[in-house]
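>>> Just the structure for this:
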Amino acid sequence: MNPKTTKNGWQKFWKIFGLIFLVLAVIALLIYNLNFVPAKTTWGVTFSQQYTTVELGLDWKETYLAILDDLKVDHLRLSAYWNANEPQKGQYDFSDLDWQVDQASQRGVKIILAVGRRLPRWPECHDPVWLNSLSAQEQKDSLILYIKTVMDRYKNNLNIITWQIENEPYLSSFGMCPPPDREFFKSEVALAKQLTNKPILVTDTGELSDWHLISRAGGDILGTTLYRVVYNPYLGYFHWFTPPFYYWIRAQVATTFNPVQKVIVAELQGESWHLAGKNLAGMNKAESDKSMSLGQFQENISFASRSGFDEVYLWGVEWWYMLKTKQNDPSFWNEAKKMWPNK
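Residues are numbered from 1 along each chain as shown. Sure, this is the predicted structure:
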């Protein structure tokens with residue numbers, strides 16, 4: 001073999017290889033920066049009475065009315081917490097939830113009402129104390145009765161546009177909950193569809209799931225979480241590197257190959273990550289800025305829109321109000337106001 005021929009052959013190979021690599025790198029860069037901004041985005045927030053009171057030490061009614069009348073949101077996700085509404089077995093107290101639903105309805109606010117055992121905010125499963133004395137089957141029977149009771153109570157409210165059944169029911173790594181029971185969850189969704197003609201929302205994590213199983217659970221809408229900065233005790237603060245394209249293509253796959261008709265962001269990171277042993281009320285600005293500075297807040301909002309989602313519910317509205325009223329920092333509250341400029 002002629003050494004000169006061999007050398008020329010290798011040179012040609014590396015030139016071709018370099019050209020292919022360059023083309024692929026350009027394509028990857030273009031895909032990474034693709035944006036899918038919808039013509040219009042519906043913005044909402046998730047509100048938790050229990051979180052507002054217990055963790056942040058706020059007056060929950062004052063906070064709620066500020067969300068409606070000062071922030072002027074027009075879409076809300078509320079939770080029918082089991083421990084609050086059925087404190088004793090068979091004895092119901094819906095006074096607080098009735099007030100929330102009524103106040104929002106008076107202002108024409110659209111509501112997603114979540115019902116089930118596992119609902120937004122820690123400890124995820126909001127069990128009434130009396131549930132612990134029942135067998136596993138009795139617990140399931142009691143939950144089915146509770147779902148029926150809640151859905152029957154609010155079935156004629158026109159402002160409730162969507163029912164959510166459970167919250168991230170397949171996520172076993174987070175929360176104080178029993179192991180996931182996929183077949184039972186499907187029966188909950190099936191029950192809800194018998195009780196209402198309104199869309200049924202099911203939810204899953206956007207970072208730790210492929211959405212395949214939840215998309216086949218019978219829901220009409222899939223709600224995902226969308227987090228950009230999280231904290232791990234072993235890795236420290238971790239910034240997700242996924243581009244908008246990642247969420248957009250997953251939404252196309254979910255709605256094309258599964259029964260769900262739409263994918264929304266049910267939980268967009270809008271508050272700082274809780275540190276071990278501290279709640280957000282006990283964290284200083286330097287600590288909270290590591291995962292949720294005002295700039296990160298703005299970027300998260302932009303990222304959700306660029307990912308193609310036309311319906312997004314932000315997480316952390318209670319925290320914004322705490323910063324505004326207790327720490328003299330209205331920056332998040334004022335930034336959020338820009339999403340509802342016409343009310």
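>>> ranges for the helices of the chain?
Remark: helices assigned in the chain by DSSP state H are 3-32, 49-54, 60-66, 82-85, 95-106, 136-153, 182-195, 212-215, 244-257, 285-292, 294-306, 317-326, 331-337.
>>> Mind putting those into JSON lines with mean pLDDT and distance to His75?
The way it works is simple: take the backbone N, C-alpha and C, and place the C-beta from them, glycine included. Output for those, formatted as JSON lines (pLDDT from 0 to 100; distance: least, Cβ to Cβ, whole Å):
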{"stretch": "helix 3-32", "mean pLDDT": "58", "distance to His75": "30"}
{"stretch": "helix 49-54", "mean pLDDT": "97", "distance to His75": "18"}
{"stretch": "helix 60-66", "mean pLDDT": "98", "distance to His75": "14"}
{"stretch": "helix 82-85", "mean pLDDT": "98", "distance to His75": "22"}
{"stretch": "helix 95-106", "mean pLDDT": "98", "distance to His75": "10"}
{"stretch": "helix 136-153", "mean pLDDT": "98", "distance to His75": "20"}
{"stretch": "helix 182-195", "mean pLDDT": "98", "distance to His75": "20"}
{"stretch": "helix 212-215", "mean pLDDT": "96", "distance to His75": "22"}
{"stretch": "helix 244-257", "mean pLDDT": "94", "distance to His75": "19"}
{"stretch": "helix 285-292", "mean pLDDT": "95", "distance to His75": "22"}
{"stretch": "helix 294-306", "mean pLDDT": "97", "distance to His75": "14"}
{"stretch": "helix 317-326", "mean pLDDT": "98", "distance to His75": "12"}
{"stretch": "helix 331-337", "mean pLDDT": "98", "distance to His75": "13"}
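>>> Would you mind finding the most buried of those helices?
Comparing these by mean neighbour count (mean count of other Cβ atoms under 10 Å), helix 317-326 comes out on top with a mean of 22.
>>> ok, and what's touching that one?
45-48, 51-52, 56-58, 63, 66-67, 71, 73, 270-272, 280-281, 329-333, 336 (Cβ atoms under 8 Å, 6 or more residues apart in numbering).
>>> ditto for stretch 277-285
Residues contacting stretch 277-285 (Cβ under 8 Å, 6+ apart): 55-57, 271-272, 274-275, 287-288, 319, 322, 326-327, 329.
>>> Tell me the pLDDT of the closest residue to Leu68 other than its chain neighbours.
Distances taken as Cβ to Cβ, 6 or more residues apart in numbering place Arg107 nearest to Leu68, at 5.5 Å, with adjacent residues excluded. Arg107 carries a pLDDT value of 98.
>>> Could you check how many residues crowd around Arg107?
Under the neighbour criterion other Cβ atoms under 10 Å, Arg107 is assigned a count of 16.
>>> From Asp74, how far off is it?
Between Arg107 and Asp74 the computed distance is 8 Å (Cβ to Cβ, to the nearest Å).
>>> go on, Ala281?
Counting by Cβ to Cβ, the gap from Ala281 to Asp74 is 28 Å.
>>> Give me the more crowded residue out of the two.
Legend: neighbour count by other Cβ under 10 Å for Ala281 and Asp74, higher for Asp74 (17 against 14).
>>> Looking at the contacts of stretch 277-285, which is nearest Gln91?
Among the contacts of stretch 277-285, Glu55 lies closest to Gln91 (Cβ to Cβ), at 26.6 Å.
>>> Redo the contacts of stretch 277-285 as JSON lines? Include distance to Leu171.
Formatted as JSON lines, the contacts of stretch 277-285 follow (distance: Cβ to Cβ, whole Å):
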{"residue": "Glu55", "distance to Leu171": "20"}
{"residue": "Leu56", "distance to Leu171": "24"}
{"residue": "Gly57", "distance to Leu171": "28"}
{"residue": "Glu271", "distance to Leu171": "19"}
{"residue": "Ser272", "distance to Leu171": "21"}
{"residue": "His274", "distance to Leu171": "17"}
{"residue": "Leu275", "distance to Leu171": "21"}
{"residue": "Glu287", "distance to Leu171": "26"}
{"residue": "Ser288", "distance to Leu171": "24"}
{"residue": "Trp319", "distance to Leu171": "22"}
{"residue": "Met322", "distance to Leu171": "26"}
{"residue": "Lys326", "distance to Leu171": "31"}
{"residue": "Gln327", "distance to Leu171": "31"}
{"residue": "Asp329", "distance to Leu171": "32"}
